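> for reference, the sequence and a predicted model appear below.
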Amino acid sequence: MDLLNGVVALANFVLIPAIAYGSQLALGALGVTLIYGILRFSNFAHGDTMAVGTMVTVLATWGLQAMGVSLGPLPTALLAIPIGILGATALVLLTDKYVYKFYRAQKAKPVILVIVSMGVMFIYNGLTRIIIGPDDYRFADGERFVISARTFRDMTGLEEGLALRTTQVITVITAIAVVAALFWFLNKTRTGKSMRAFSDNEDLALLSGINPERVVLVTWLIVASLATVAGVLYGLDKSFKAFTYFQLLLPIFAAAIVGGLGNPLGAIAGGFVIAFSEVGITYAWKKVLVYMMPPALEPDGLVQILSTEYKFAVSFVILVIVLLFRPTGLFRGKSI
Amino acid sequence: MRTVLLFGAVACLILGTGFLQSWNSALLILNMGLISAVMALGVNLQWGLAGLFNVGVMGFVALGGLAVVLISMPPVGAAWQAGGGGILLGLVLGAATIVAAVLVWARTSGKLRGWGTAGVLLIGMVIYRMVLDPSVEAVEAVDPALAGYLGGLGLPVLLAWPVGGVLAAGAAYVIGKTALGLRSDYLAIATLGIAEIVIAILKNEDWLARGVKNVIGLPRPVPYEVDLQNDPAFVERAAGFGLDATTASTIYVKIEYGLLFAAVLIVLLVLSQLALNSPWGRMMRAIRDNETAARAMGKDVTARHLQVFILGSAICGVAGAMMTTLDGQLTPGSYQPLRYTFLIWVMVIVGGSGNNLGAVLGGFLIWFLWVQVEPMGHLLMSLITAGMADGSWLKAHLLDSVQHMRLLTMGIILLLVLRLNPRGLLPER
């Protein structure tokens, strides 16, 4: 019984949050890794692209709520995601046309593009703050829990509760659907194959008649959609704040690099590695250990390796360890 | 010629602020401009001279700020008695653990290697926490409203400036050792990460510098305004200039700060120029432009990169210490990457990467704009919204959003310079 309680506590405080967070990171890292594979630079504006997409979704959600539209138990924001994707796509394509295209034509060095993306980051960040403001917004509505801790306790008679929030379930389901669709697209469709060819060998791809501008366009479309979905899922799960999204840049990049930059499968694995380490290392394990260990060995302290404020440190340390021992990432990077 | 003209133009901008707004704000812009110029020099050394992409400037600046607290604040005796020894011992044990783990990793092989290293780390970590945690608690319990930290060494505050550089250099050595020699993107992410970690440590380790409770009232290298106002000789001299004592004292203090900062900037600028034109500088540029060729000539690229990375970071640390001295307080919550990392980058790019004078110019110009965009934006928005009805939500929203115009403006400036004049206002010669 105690063991069961321990497992439930573990699932409630570590596994479920980490899986949800990992899915969000994976979607974000996929965007970074696609840009790296096709456009060949690290996009520093990615966190703020997520913020813009989410912002449009939040605004649309408010609009829908004002019109009295609702999805019942599900958050209204799900209906608004397409509008958010449209907004993010429009902005990203405009940026590409007026900013990145010039440097692509010049064949500028990747590091120049990184600096350019820094400028874009400033602009997106400013836009978000001007349009919606720098504050914290919660926009999740509908049913809060699929199973609340109390229901679970009543159902099973265990001491520990297992809360499963609607947003967490939605996050995982959406992430699986989006990733499945992405891989189907990359592996089965003509456009997807041309994207992979372009990423593998640009010159060869051009020789075989692939239109580079089209590949770039499709890439931006996918990246904007991924960024919006990742951003909305994160915002539903926690809350929307421009600065938090900017800070997500670090774990997202860590995930993409740990997995191997340019490798979509790696980005997903990296996202979960980072999420599990972050949650696992900043969680106070006492609650779980109390159930798992004989009473004599029960720990006195919280058994928390690092306080939650150090979660950035965790993604960083994982990143450094991987870079030291496997510089191209867990999966071989740079092949889409 | 171009240099003189552009510097003259920036001087006019700052003087203009003095005439149109107030001399106090002009001097404030000048002082922060001097500090920004020093930071820009540091980044220019790394990026302009060596092509290293460091986006962790904020971390080095914050370490400089920490140095000011550690050097200049008086020690808190009760806290040292409560747990000072324990904390020091804990830190030594923590360092020893890492050294031991590295040794185990280097000396063993096979299965023993992984498990041995992990075991050493785990045991060391447990001992470290067992020693450190009670001492930290004891220290933080000492008069938490006013102290709750170990305090500093009580030395003159000016000493903190070089020490800030040394702290930053130490951090740069650790990052450089791990991330240099890998791809350039990795250095960028590594520095971004270390900057966040430095801020997280400053925010959470209350025993070190009081965390988010802030350390206020740092000692100053210049006299206090109140003392000046009470000094009859000073009041008399101020009256000679036709100024009242309050204004005169604030201006006097700012000028003294300005002179100190200018001295540091000039020394660093001269040194940077000498370095740029020395054989060492030529070697660095050769490495930047063609790493493979430089390596073929027998240059140790990674070691040179490490060297210049440490030097540039140290300069940022000095600037950070100067800034905290000027503020008179250390507020870890106020460090934001957009302001302390990316803004410095805008300065370097706009000024002209690879040109030390360009970086200095960019530091002044961009800082001036950063400060003045808000009033300008406010003016603009008032004009746009003039026709709207008072109390309409759009008008209120637009007027509110003015404070965020800075980020947008900086982004646009950066993109325009990169597009139209990628080598900056003062291009590298």
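Good, I have the coordinates.

> buried residues, stretch A:197-206. List them.
Judged by neighbour count using 16 or more other C-beta atoms under 10 Å in any protein chain shown, the buried positions of stretch A:197-206 are A:197, A:198, A:199, A:205. From N, CA and C alone the C-beta is placed, and that goes for glycine too.

> likewise stretch B:77-93?
Within stretch B:77-93, the residues scored as buried using 16+ other C-beta under 10 Å are B:79, B:80, B:82, B:83, B:84, B:86, B:87, B:90, B:93.

> who touches residue 315 in this structure?
Unless you meant another one, I'm taking chain A. Going by C-beta atoms under 8 Å, 6 or more residues apart in numbering or on different chains, residue A:315 touches A:250, A:251, A:254, A:255, A:274, A:277, A:278, B:193.

> should've been chain B
B:38, B:39, B:41, B:42, B:45, B:165, B:268.

> check which helix or strand it maps to.
Per DSSP states H and E: residue B:315 is located in helix B:301-327.

> and that helix, which residues are buried?
Going by neighbour count (16+ other C-beta under 10 Å), the buried part of helix B:301-327 is B:301, B:304-306, B:308-326.

> name the helices or strands packed onto whichever helix or strand comes after that helix?
Downstream of helix B:301-327, the next assigned helix or strand under DSSP H and E is strand B:329-330. Judged by 3 or more C-beta pairs under 8 Å, 6 or more residues apart in numbering or on different chains; DSSP states H and E, strand B:329-330 is in contact with helix B:57-72, strand B:215-216.

> the helix holding residue B:315 - what's its average pLDDT?
The average pLDDT for helix B:301-327 rounds to 94.

> now do the strands in chain A.
Ranges of strands within chain A are A:145-147, A:164-165, based on DSSP state E.

> what's the most buried one of the ones you listed?
Sort the strands of chain A by mean neighbour count, taking mean count of other C-beta atoms under 10 Å in any protein chain shown, and strand A:164-165 sits at the top with a mean of 19.

> which helices and strands sit right next to it?
With contacts taken as 3+ C-beta pairs under 8 Å, 6+ apart, strand A:164-165 sits against strand A:145-147.

> so what are the sheet partners of the strand it packs on and their directions?
strand A:164-165 (antiparallel) (DSSP bridges).

> rewinding a little: off-centre distance for the helix holding residue B:315?
8 Å (C-alpha atoms, centre = their mean, to the nearest Å).

> just stretch B:227-243 next, same as before
For stretch B:227-243, the distance to the chain centre is 35 Å (C-alpha atoms, centre = their mean).

> what does that stretch rub up against?
With C-beta under 8 Å, 6+ apart, stretch B:227-243 has contacts from B:244, B:245, B:246, B:247, B:248, B:249, B:251, B:252, B:253.

> quick one: average pLDDT of that stretch?
pLDDT averaged over stretch B:227-243 gives 85.

> flag every buried residue along that stretch.
B:228, B:229, B:234, B:235, B:238, B:243.

> pull the CA atoms of it into PDB?
Output of stretch B:227-243 as PDB, limited to C-alpha atoms (Å, rounded to 0.1, in the frame of the first residue of the first chain):
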ATOM      1  CA  ASP B 227      27.500  66.400   3.500                       C
ATOM      2  CA  LEU B 228      28.200  68.800   0.700                       C
ATOM      3  CA  GLN B 229      25.000  70.800   1.400                       C
ATOM      4  CA  ASN B 230      26.100  71.100   5.000                       C
ATOM      5  CA  ASP B 231      29.600  72.300   4.000                       C
ATOM      6  CA  PRO B 232      29.600  76.100   4.100                       C
ATOM      7  CA  ALA B 233      32.600  76.300   1.700                       C
ATOM      8  CA  PHE B 234      30.800  74.300  -0.900                       C
ATOM      9  CA  VAL B 235      27.600  76.300  -0.600                       C
ATOM     10  CA  GLU B 236      29.500  79.500  -1.100                       C
ATOM     11  CA  ARG B 237      31.300  78.100  -4.200                       C
ATOM     12  CA  ALA B 238      28.000  76.900  -5.600                       C
ATOM     13  CA  ALA B 239      26.500  80.400  -5.000                       C
ATOM     14  CA  GLY B 240      29.500  81.700  -7.000                       C
ATOM     15  CA  PHE B 241      28.200  79.700 -10.000                       C
ATOM     16  CA  GLY B 242      24.700  81.000  -9.300                       C
ATOM     17  CA  LEU B 243      23.400  77.500  -8.200                       C
END
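
> if we can go back for a sec, could I get the strands of chain A in a markdown table, plus columns for mean pLDDT?
As requested, the strands of chain A are arranged in a markdown table below (pLDDT from 0 to 100):
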| stretch | mean pLDDT |
| --- | --- |
| strand A:145-147 | 82 |
| strand A:164-165 | 88 |
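
> nearest to residue A:60, out of the ones you listed?
Of all those, strand A:164-165 sits nearest to residue A:60, with 22.3 Å by C-beta to C-beta.

> how far away from the center of its chain is the closest one?
That offset, for strand A:164-165, works out to 19 Å (C-alpha atoms, centre = their mean).

> got the contact list for that strand?
Residues from elsewhere that reach strand A:164-165 (C-beta under 8 Å, 6+ apart): A:16, A:144, A:145, A:146, A:147, A:237.

> change it to 7 Å
A:16, A:144, A:145, A:146, A:147 (C-beta atoms under 7 Å, 6 or more residues apart in numbering or on different chains).

> ok, back up a step: quick one: buried ones out of the contacts of residue A:315?
A:250, A:251, A:254, A:255, A:274, A:277, A:278, B:193.

> which of the residues you listed fall within helices?
A:250, A:251, A:254, A:255, A:274, A:277, A:278, B:193 (DSSP state H).

> a markdown table for the residues you listed, including pLDDT and distance to residue A:180?
What follows is these, written out as a markdown table (pLDDT from 0 to 100; distance: C-beta to C-beta, whole Å):
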| residue | pLDDT | distance to residue A:180 |
| --- | --- | --- |
| A:250 | 89 | 27 |
| A:251 | 92 | 23 |
| A:254 | 90 | 24 |
| A:255 | 92 | 19 |
| A:274 | 93 | 22 |
| A:277 | 91 | 25 |
| A:278 | 90 | 25 |
| B:193 | 86 | 31 |
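
> nearest to chain B within the stretch 201-336 of chain A, name that residue for me.
Taking C-beta to the nearest C-beta as the measure, the stretch 201-336 of chain A has residue A:316 as its residue closest to chain B, at 3.5 Å.

> thought that residue was touching residue B:193?
Yes - between residue A:316 and residue B:193 there is a contact under C-beta atoms under 7 Å: 3.5 Å.

> just to revisit the earlier point, next, the angle helix B:57-72 makes with the helix holding residue B:315.
Orientation of helix B:301-327 against helix B:57-72 (axes from the mean of the first three to the mean of the last three C-alpha atoms, to 10 degrees) gives an angle of 60 degrees.

> circling back: of the buried residues of stretch A:197-206, closest to chain B?
residue A:199 (16.1 Å).

> what residues does the stretch 1-150 of chain A have near chain B?
Contact residues, the stretch 1-150 of chain A versus chain B (C-beta under 7 Å from any C-beta of the partner chain): A:42, A:99, A:102, A:111, A:114-116, A:118-120, A:122-123, A:125-127, A:129-130.

> quick revisit: mean pLDDT lowest where, among the helices and strands packed on strand B:329-330?
strand B:215-216 (a mean of 88).

> which secondary structure element of the chain has the lowest mean pLDDT?
Chain wasn't specified; assuming chain A. helix A:286-292 (a mean of 76; mean pLDDT, DSSP states H and E).

> oops, wrong one, chain B.
Per mean pLDDT, DSSP H and E, helix B:393-401 ranks last in chain B, at a mean of 77.
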